[in-house]
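K.L.:
Predicted structure and sequence below. I'll ask about it afterward.
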Amino acid sequence: MGKILVADDSDVMRSTLVAVFRLARPEAELLEASDGQDAISLAIAHQPDLIVMDGEMPKVNGYQAAQMLRNIAQTCSIPIIGISAETNENPVVDGLQRLCNVFWAKPVPIDMLLAFVDQVLESNAAAASS
């Protein structure tokens with residue numbers, strides 16, 4: 001099945017990603033966060049298989065959230081996909097890129113996103129069954 005956490009302060013972007021996942025991976029459980037602080041709380045509480053994290057968010061930005069998640073035992077190995085509309089010499093985005101498994105500038109390439117999600121979910125399912 002799999003659990004995916006989508007963290008983005010843009011309601012439109014978050015809703016779009018959730019809709020894509022609902023259509024392409026209807027069996028997946030989807031979690032939503034509108035800021036980095038909520039993303040951290042949800043990741044700790046629900047242990048998603050994958051996190052899609054925006055760079056620029058209120059309260060705690062994506063880079064800070066990814067740093068915290070990488071330093072917590074229960075969340076340090078969760079794959080993170082970084083996304084951002086800001087890509088030109090932005091320290092938050094640069095930091096997020098370093099901490100993520102993959103990073104894409106918005107608009108996110110949906111085919112590549114789904115391929116990476118499939119890879120992670122299949123890997124987790126294989127690990128769980130062995």
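P.N.:
Received the coordinates, thanks.
K.L.:
C-alpha from now on. contacts and neighbour counts both.
P.N.:
OK.
K.L.:
Go ahead and name everything in contact with the host helix or strand of E32.
P.N.:
Counting by DSSP states H and E, the element that carries E32 is strand 29-33. With Cα atoms under 8 Å, 6 or more residues apart in numbering as the test, strand 29-33 has contacts from 1-9, 14, 18, 21, 39, 42.
K.L.:
how distant is it from the center of its chain?
P.N.:
How far strand 29-33 lies from its chain's middle: 10 Å, per Cα atoms, centre = their mean, to the nearest Å.
K.L.:
who touches N101 in this structure?
P.N.:
Contacts of N101 by Cα under 8 Å, 6+ apart are P79, I80, I81, G82.
K.L.:
Nearest to D35 among the residues you listed?
P.N.:
Distance ranking of the contacts of N101 against D35, using Cα to Cα, places G82 first at 13.7 Å.
K.L.:
Show me what the most centrally placed residue in the chain bridges to in the sheet.
P.N.:
Most central in the chain under Cα atoms, centre = their mean is V52, positioned 1.6 Å from the mean C-alpha point. With DSSP bridges as the criterion, V52 is bridged to V6, I81.
K.L.:
Please tabulate the contacts of N101 in CSV, including the columns pLDDT, distance to G95 and neighbour count.
P.N.:
Below are these laid out as CSV (pLDDT from 0 to 100; distance: Cα to Cα, whole Å; neighbours: other Cα atoms under 10 Å):
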residue, pLDDT, distance to G95, neighbour count
P79, 97, 16, 20
I80, 96, 13, 23
I81, 96, 13, 22
G82, 94, 10, 27
